[in-house]
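In: Sequence below, structure please.
(4 chains)
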Protein chains: 2
Amino acid sequence: MADQHSTLRARRRAQTQQLIQGHAVRLFAERGYDATTVNDVAEAAGVSPMTVYRHFPTKEDLVLADQHGRLVAERVVAAPAADLPLVHRIGGALIGSAAALTGDDRGREFLLTRLRLMISTPALRAKHLDNQYALQQAIIDALGEEAADPETAFHARAAASACLAALHTALVRWAEDDGRSDLPGLIAKALAAVFGESPLSPGDVAGR
Amino acid sequence: MADQHSTLRARRRAQTQQLIQGHAVRLFAERGYDATTVNDVAEAAGVSPMTVYRHFPTKEDLVLADQHGRLVAERVVAAPAADLPLVHRIGGALIGSAAALTGDDRGREFLLTRLRLMISTPALRAKHLDNQYALQQAIIDALGEEAADPETAFHARAAASACLAALHTALVRWAEDDGRSDLPGLIAKALAAVFGESPLSPGDVAGR
DNA sequence: TACCTAAGTGGTAGTGACTATCACTGCGGT
DNA sequence: ACCGCAGTGATAGTCACTACCACTTAGGTA
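Out: A predicted model of the protein is given here:
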């Protein structure tokens, strides 16, 4: 929705963001997150500190910013099998998104570096978990009209939070394996560990 | 382990901590977390800003500091029914801790105020979720010797994370109800929503 | 009882994340 | 050709947090 214009300005904006984030993640991985100042990042990217803050509201966002959350939420809503249990819809969306995300090697390596930072740096880990929580609420809101009464809503929130907890467990394990294992498979295994050993049917995986 | 002496010094220390935290939570609730500086808290408590930082490493800890996590971990380990499924052991410990925690009215009201701050303030919410994650790892470590091989450990981590996700869902709901509903009951319901409709047997609730 | 170590407290001067406000430049639409 | 605004930069601030300093006093010891 942002590139409806695809104007030159928007392209340059996206380009600068990518430039800044690239240098930021590289420096954080090299020197450590706390040991690297925003000024260092700005200097490395060849921009002013002000510009960094314009594109990334906080230092943490330099690592955490992505649109994966939005994609997942869209996937849940666009799930073809709306009659399936909620857990399967969310789980399928998570697995499908993970498959799309780990597709190309370049993106996977970058994601892995960011993930390692998120796990090892307390400030990043905390905000990342909060982002997961925001994603949970986005999912609930996305299919909110289906659960009007409080009991159903509570049930849905519990289920969604458990799904994302399983996702997080899988992500940590994937990072520990240095991305060598199959992420969608890990997520499926984590979900199965939580909700019981019912393997997801192929139709459950939304979008792929 | 700190009050092995129960000396005068230790008592005064605990007293000062309680004094500072009391004023902090009150001010945060009245004026808002971001609008209140650590200096304001120090002034209200009648101590120097230095002293605040000595007792609470970060501003967030003024709201988040408690020993509930330690109690929960101990409860899981001390569970009488070590042969029960992991989920039941953790769930039982959570429910039991919640029951003990919401016992007296004075403590419950304070807990409720802190919880409201944790939910509404992004910085507090993030760090609180990270604390929950630390608790998860503490639980896993506490019964770590039982799960040596990676597969079992992965399963245990997924289960523990889902339990804590259910706990969080229940806590949010409890805060929305202004603490009027039964917290242990909410936790049990959230756990049931995640893991299936098997109600916990009385024996599962560790410690009470 | 006199003494001594260390814990608890306070002051000062920092660093670094983040904000408010100003001015400047160049793309994009009229 | 021309205006408007998005993008960028510099300056000066606020505030969380951290050494590093000195002072007081509790708690054990000679």
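
In: Quick check: the residue sitting furthest away from the middle of chain A vs chain B, distance?
Out: In terms of distance from the mean C-alpha position of chain A, residue A:149 ranks first, at 29.2 Å (C-alpha atoms, centre = their mean). Relative to chain B, residue A:149 is positioned 14 Å away (C-beta to the nearest C-beta, to the nearest Å). The C-beta positions use only the backbone N, C-alpha and C, and glycine is treated the same way.

In: for residue A:172, same thing?
Out: 8 Å.

In: contact partners of the one helix or strand in chain A whose mean pLDDT sits lowest?
Out: Across the helices and strands of chain A, mean pLDDT, DSSP states H and E gives its lowest value to helix A:68-77, namely a mean of 89. With contacts defined as C-beta atoms under 8 Å, 6 or more residues apart in numbering or on different chains, helix A:68-77 is touched by A:89-90, A:93-94, A:96-97, A:100-101, A:131, A:134-135, A:138-139, A:142-143, A:206-207.

In: One more: stretch A:159-169?
Out: With C-beta under 8 Å, 6+ apart, stretch A:159-169 has contacts from A:86-87, A:90-91, A:94, A:129, A:132-133, A:135-136, A:139-140, A:187, A:190-191, A:193-195, B:154, B:157-158, B:161-162, B:164-166, B:168-169, B:193-194.

In: What about the residues you listed, which are in helices?
Out: Of the contacts of stretch A:159-169, the ones assigned to helices by DSSP state H are A:86-87, A:90-91, A:94, A:129, A:132-133, A:135-136, A:139-140, A:187, A:190-191, A:193-195, B:154, B:157-158, B:161-162, B:164-166, B:168-169, B:193-194.

In: Please report the number of neighbouring residues for residue A:121.
Out: Neighbourhood size, residue A:121 [other C-beta atoms under 10 Å in any protein chain shown]: 18.

In: nope, residue A:185 is what I was after
Out: A total of 14 residues lie near residue A:185 under the criterion other C-beta under 10 Å.

In: what do you get for residue A:22?
Out: 14.

In: again with residue A:60
Out: Neighbour number of residue A:60 under other C-beta under 10 Å is 22.

In: any idea whether the residue lying closest to it once chain neighbours are set aside is helix, strand or coil?
Out: Excluding its sequence neighbours, the residue lying closest to residue A:60 (C-beta to C-beta, 6 or more residues apart in numbering or on different chains) is residue A:127, at 4.7 Å. The three-state label given to residue A:127 by DSSP: H, G, I helix; E, B strand; the rest coil is helix.

In: Can I get the buried part of the contacts of helix A:68-77 as one ChimeraX selection?
Out: Of the contacts of helix A:68-77, the buried ones go into a single ChimeraX selection, burial set by 16 or more other C-beta atoms under 10 Å in any protein chain shown:
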select /A:89,90,93,94,96,97,100,101,131,135,138,139,142,143,206,207
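
In: how near is residue A:36 to residue A:160?
Out: 35 Å (C-beta to C-beta, to the nearest Å).

In: So for the two, which sits in the more crowded spot?
Out: For residue A:36 versus residue A:160, the count of surrounding residues by other C-beta under 10 Å is larger for residue A:160: 26 against 20.

In: what's the pLDDT at the more buried one?
Out: Looking at residue A:160, its pLDDT reads 97.

In: residues touching the nearest residue to it once chain neighbours are set aside, list them.
Out: Excluding the flanking residues, the one nearest residue A:160 by C-beta to C-beta, 6+ apart is residue A:136, at 4.8 Å. The neighbours of residue A:136, taking C-beta under 8 Å, 6+ apart as the test, are A:157, A:160-161, A:164.

In: Can you check these and name whichever has the most neighbours?
Out: residue A:161 (29 neighbours).

In: how about the nearest residue to that residue, chain neighbours excluded?
Out: residue B:165 (3.9 Å).

In: What number of residues are in the vicinity of that neighbour?
Out: So residue B:165, with other C-beta under 10 Å, has 31 neighbours.

In: mind checking pLDDT for it?
Out: Value listed for residue B:165 in the pLDDT field: 98.

In: do the same with residue A:198
Out: For residue A:198, pLDDT reads 61.

In: Done for today, thanks.
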